[in-house]
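Chemist: here is my input; please provide its structure:
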Amino acid sequence: MANISSPLHGMQNYTLLEGYIVERTFNPGYVVLSYLVSYVGAWTTVEIINKRTTLRGSWNWSVLLAAAISMGGVATWCMHFIGNRAIILGDGNPQIQIAYSPGYTALSFVVSVAVLFVAFCTVGSNERMSLARVSLGGTLAGLGFFGMHYLGQAGVSNYTCVYVVAFVVAAAIVACGASIGALGLFFFFRAAWNSTWWKRAISAFILSVGVSGMHWLATLGTRYRLKRADPSLVGTFANSTTVIIVIALSVFGCIGLVFLSILAQAQKARAANRAQQVVLATAVFDMEGKLLVTPEGLLPNRKITNQYLEKSFNDVFNASHPSFLWMYRTTYYWAGVSGLVPAMKNHLTRAGLTHHHLRSNSQANLLNEEGTPIEDYSVIFRELFCLAAWEIANGFKIPMDDLGILYDEIVTTGNKSKKGAAGGKKSIFTATSTVADEGRTKKTKDSDVPIMGKGQLLFLVNRVERNEAEQLQTAGYRFAPTESVIPILATSLQVSEKDLTRRFDMMLDYATDSLHMLEPGVHIACFAIRASIGAGFDVLTRKDAKNQLPTMQLPFDTFESWQLEYLQGMDLMSVAATMKMFNKASKNNPSATEREFAQKMLKALEAIKDEIDDPFFNDAQLIAKPMAAPCRGATADSPPGTALLITYKIIMPIHARAPGKKLEFVPLNLFRMQQRVYKNAADHRIFAKETFNEFSRVLELSEEPEPLEGRKSAMGKLSFKIKGRSPAPTALEAKIGDEVDMFGNRVANQPQATLKTPKIKFWDRDSSPQVVRGDNSSEKNLIQNDSEEILPKNEDASIDLRTTATNRPRSIASNKPTGEKGIEMKNLPGGQKPGAGPPQKEGKTFVDEIFAITIRTKEGTHV
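Modeler: Modelled structure (predicted):
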């Protein structure tokens, strides 16, 4: 056997070299190019795999296939053939350069992609890195690189390849070792939610070094024995078809990487821009308490609008705003609006006010000639909220009914001062359910995270079962331990990590049980209100159940007439005075029954006094009239039952703070709204009817569309009719000593005149007089009309003392026989009388009645 250095060297008849080993040299340019192609393919692969969320779903399988093509087709296959172009055999004459068999060449591509596909399937996409799976997947990937190389070498048609065993083994070890290391490093960073672009680039570097190292080790251990010289190769670019495919795939890899980079930058820019907007986000937790996020570790979200347009200085969008209350209530019964969303979308599209078109120029469409929001701005704003929720549901591939409920606080993102940006001020969460965050701005080590500025963030919270979590992962999202993504989210939102951790802990509890309910029976309650700094009032509630007053349950099921008369004699007496009287009666009263009753009342008062643990409670005054409040129904699917409240009321100073760590002030109108959204409450259908009546005007609907049925709520078809309109409430300035409603507005002495509503669309902004929202507005019951009485007659939630029969669910703890005389609920919550069908209009809640009495008796006597 001889090689090219034999005396045959320099001969033009290359057929004489057949059967000989031909010497080789390498072109450095192709060597470098081959590695760059491999690195681009590997980096593209890592970026694609980073988008994968689970093993199921067409999205995830598409991601897996794209990653296999990028790694197997570009990083390995293209690198191999470009690297082989660096091999110069003999004197470089085309007759004796490497030629390939089309069949083996195509097979090597298919096998490479298939093996990498299986390898990536084996690695999986679990949030916890599995060393066993990474090792197995990395080994398969390494063997895929190795197998592709030698299968491609088998496609060399004009040479017989002679291999050195040591180099073959070394090439296999390098391929498998580098693959395991690169994938292990990538999934380690990914599981820790610390996978920044440069860390992914390092993983891609190691992976491409493995591919290139394997290739060049194997190449150094390969000798080429010429089978035949091919004169047809003279003057041509060897195997032009293969070269064209290699170039095309390499360009594809470059374009893919550039596209992913541009996409990432666009996502960052969009997220940063949304920080200045009103945005609807989700806080979805699985049964392990993990948080649903995008593959980048951000919250799924949609923009509602650029900013809320305030009608006046007092019109601040917060948790007590009527629009927020409407949204809050809607999320407890999505079926009331889900059928209206297509018409809302069409309406907004025609006006150029969808999320995709709502820019600064179209924002002007929401203002009239005076520069104030148009009359129908509230309708438009709520339509945008519904459309944002609908888009999130489509992204999750679930019905709107399964989206969850609106969190009862609004988060303000970003810093507001240079001092805060310098790190001199920590973020705070205000008592009015808004985060006034002054968190410090810092340069993040993770440049993938957008820096968000000032904005308002509304949260839809939910907790999903295992099958629902898998469905969301199939849609392209991931569940991450909250502590893993808190740094990413805190940097993005510019909220301190400590505050954000506390916030998500609260949301998890809220998603688990957003509305705590009283147990059936009789309770002593404390109704403490204070004037809000902005407007309206705040009420003192339990911190762990912000829809409940501080209460203490009494050990009996109902009141007898003599007991009510006994309490009536103490009406408007302070806690200290009533405790003194109960204490005296428990010892000196000649009646054993009355002594026992006084002892039970005294014990309950002492217990609630210890819970509140503040001297102010001593001055609270008794409202002797029992109030009917919602309580837990007979079964999980039953409407709410009715419990009785004996209430002590007090008006606290405006600067008063919630005592202790168990109580918290919340907006009074939010607390009032929470009494209407209990599961299976009749008010849901009434609210749905009011919503249709209001939106049918601008949506030009003549009949109610079919609602979208869902898992958690469903609504049969209702016969809705559009009603006339009457004036909406107008805030009046209140002075000290004036009568005020629960929103801090002065109660007018004379009712306002009723205005009729002309048929004007919101975009017809001419010189027509301003239209006032009427009683077909679903926001009407969210605010108190100043021209109305605080509580109309026969619309209270109190007890009729003249009746004796009871229709209220009995307490399990009660020992009284069923036939014992008690009291009757005059009007149940929602205006429904016992035994009657569904109510046609919403009645007043117990909150309205207690508030009315509190205001009327603020001087300590009835007025």
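Chemist: I figured Phe167 hits His215, correct?
Modeler: No. Counting by C-beta atoms under 8 Å, Phe167 does not reach His215; the two are 11.3 Å apart. Every C-beta, even on glycine, is put in place using the N, C-alpha and C of the backbone.
Chemist: neighbour-wise, which of those two wins?
Modeler: Remark: of Phe167 and His215, His215 carries more neighbours, 27 against 16, as counted by other C-beta atoms under 10 Å.
Chemist: what's around the nearest residue to the more buried one once chain neighbours are set aside, how many residues?
Modeler: In space, and not counting its chain neighbours, His215 is closest to Gly83: 5.4 Å by C-beta to C-beta, 6 or more residues apart in numbering. A count of nearby residues for Gly83, using other C-beta under 10 Å, gives 24.
Chemist: and the one 3 residues further on, by the same measure?
Modeler: Around Ala86 there are 19 other residues, counting by other C-beta under 10 Å.
Chemist: so which strand or helix has the nearest residue to it once chain neighbours are set aside?
Modeler: Nearest non-adjacent residue to Ala86, counting by C-beta to C-beta, 6+ apart: Tyr30, 3.3 Å away. Using DSSP states H and E, Tyr30 sits within helix 28-49.
Chemist: please apply the same query to Phe479.
Modeler: Per DSSP H and E, Phe479 falls inside strand 478-480.
Chemist: before we move on, back to that, check what pLDDT the residue nearest to Ala86 gets.
Modeler: Tyr30 is assigned a pLDDT of 87 by the prediction.
Chemist: over to Lys587?
Modeler: As predicted, Lys587 sits at a pLDDT of 89.
Chemist: in this structure Ser34 contacts Gly83, no?
Modeler: Yes. Checked against C-beta under 8 Å, the pair Ser34 and Gly83 is within contact range at 3.8 Å.
Chemist: residues near Ala576, how many?
Modeler: Neighbour tally, Ala576, other C-beta under 10 Å: 15.
Chemist: if I look at Ser34 and Gly83, which residues touch both of them?
Modeler: Common contacts of Ser34 and Gly83, defined by C-beta atoms under 8 Å, 6 or more residues apart in numbering, comprise 212, 215.
Chemist: that older thread, ok, the residue nearest to Ala86 - how many residues close by?
Modeler: Per other C-beta under 10 Å, the neighbour tally for Tyr30 reads 16.
Chemist: so it sits right up against Ile82, yeah?
Modeler: Yes. Between Tyr30 and Ile82 there is a contact under C-beta under 8 Å: 6.1 Å.
Chemist: please, where are all the helices along the stretch 251-400 of the chain?
Modeler: Counting by DSSP state H, counting those that start in this stretch, one finds helices in the stretch 251-400 of the chain at the ranges 322-331, 335-338, 341-350, 360-363, 377-396.
Chemist: out of these, nearest to Ala535?
Modeler: helix 322-331 (11.7 Å; C-beta to C-beta).
Chemist: just the C-alpha atoms of the closest one, please, in PDB.
Modeler: The C-alpha trace of helix 322-331 is given here as PDB (Å, rounded to 0.1, in the frame of the first residue of the first chain):
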ATOM      1  CA  PRO A 322     -67.400  51.500  40.700                       C
ATOM      2  CA  SER A 323     -65.700  50.100  37.600                       C
ATOM      3  CA  PHE A 324     -63.400  47.900  39.700                       C
ATOM      4  CA  LEU A 325     -66.400  46.700  41.700                       C
ATOM      5  CA  TRP A 326     -68.200  45.800  38.500                       C
ATOM      6  CA  MET A 327     -65.100  43.900  37.300                       C
ATOM      7  CA  TYR A 328     -64.800  42.200  40.700                       C
ATOM      8  CA  ARG A 329     -68.400  41.100  40.700                       C
ATOM      9  CA  THR A 330     -68.200  40.000  37.000                       C
ATOM     10  CA  THR A 331     -65.400  37.500  37.700                       C
END
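Chemist: from here on, count from 59
Modeler: With the count now opening at 59, the last piece we talked about shows up as helix 380-389.
Chemist: on contacts alone, who are the packing partners of that helix?
Modeler: On a contact count with 3 or more C-beta pairs under 8 Å, 6 or more residues apart in numbering; DSSP states H and E, helix 380-389 meets helix 435-454, strand 463-464, strand 513-521, helix 726-732.
Chemist: could you tell me the angle between it and strand 513-521?
Modeler: Counting by axes from the mean of the first three to the mean of the last three C-alpha atoms, to 10 degrees, helix 380-389 lies at 20 degrees to strand 513-521.
Chemist: mean confidence (pLDDT) on helix 380-389, please.
Modeler: 94.
Chemist: what residues of it count as buried?
Modeler: Residues 380-389 are the ones in helix 380-389 that count as buried (16 or more other C-beta atoms under 10 Å).
Chemist: same check, this time on stretch 634-642
Modeler: For stretch 634-642, burial by neighbour count (16+ other C-beta under 10 Å) applies to 636-637, 639-641.
Chemist: JSON lines for those, including pLDDT?
Modeler: Formatted as JSON lines, these follow (pLDDT from 0 to 100):
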{"residue": "Thr636", "pLDDT": "95"}
{"residue": "Met637", "pLDDT": "95"}
{"residue": "Met639", "pLDDT": "93"}
{"residue": "Phe640", "pLDDT": "94"}
{"residue": "Asn641", "pLDDT": "92"}
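Chemist: quick one: which of those sit in helices?
Modeler: Judged by DSSP state H, the buried residues of stretch 634-642 include 636-637, 639-641 as members of helices.
Chemist: what's the closest of these to Ala538?
Modeler: Met637 (52.0 Å).
Chemist: now name the helix or strand holding the spatially closest residue to the closest one that is not a sequence neighbour.
Modeler: Closest residue in space to Met637, ignoring its immediate chain neighbours: Leu663 at 5.4 Å, by C-beta to C-beta, 6+ apart. Following DSSP H and E, one finds Leu663 within helix 650-670.
Chemist: list phi and psi for the residue nearest to Tyr391 when sequence neighbours are not counted.
Modeler: The shortest distance from Tyr391 to any non-neighbouring residue, by C-beta to C-beta, 6+ apart, is to His742 (4.2 Å). Backbone torsions of His742, given as degrees, to the nearest 10, read phi -60, psi -50.
Chemist: give me the number of residues near His742?
Modeler: Burial of His742 is recorded as 21 neighbouring residues (other C-beta under 10 Å).
Chemist: distance check, it against Tyr390.
Modeler: His742 sits 7 Å away from Tyr390, going by C-beta to C-beta, to the nearest Å.
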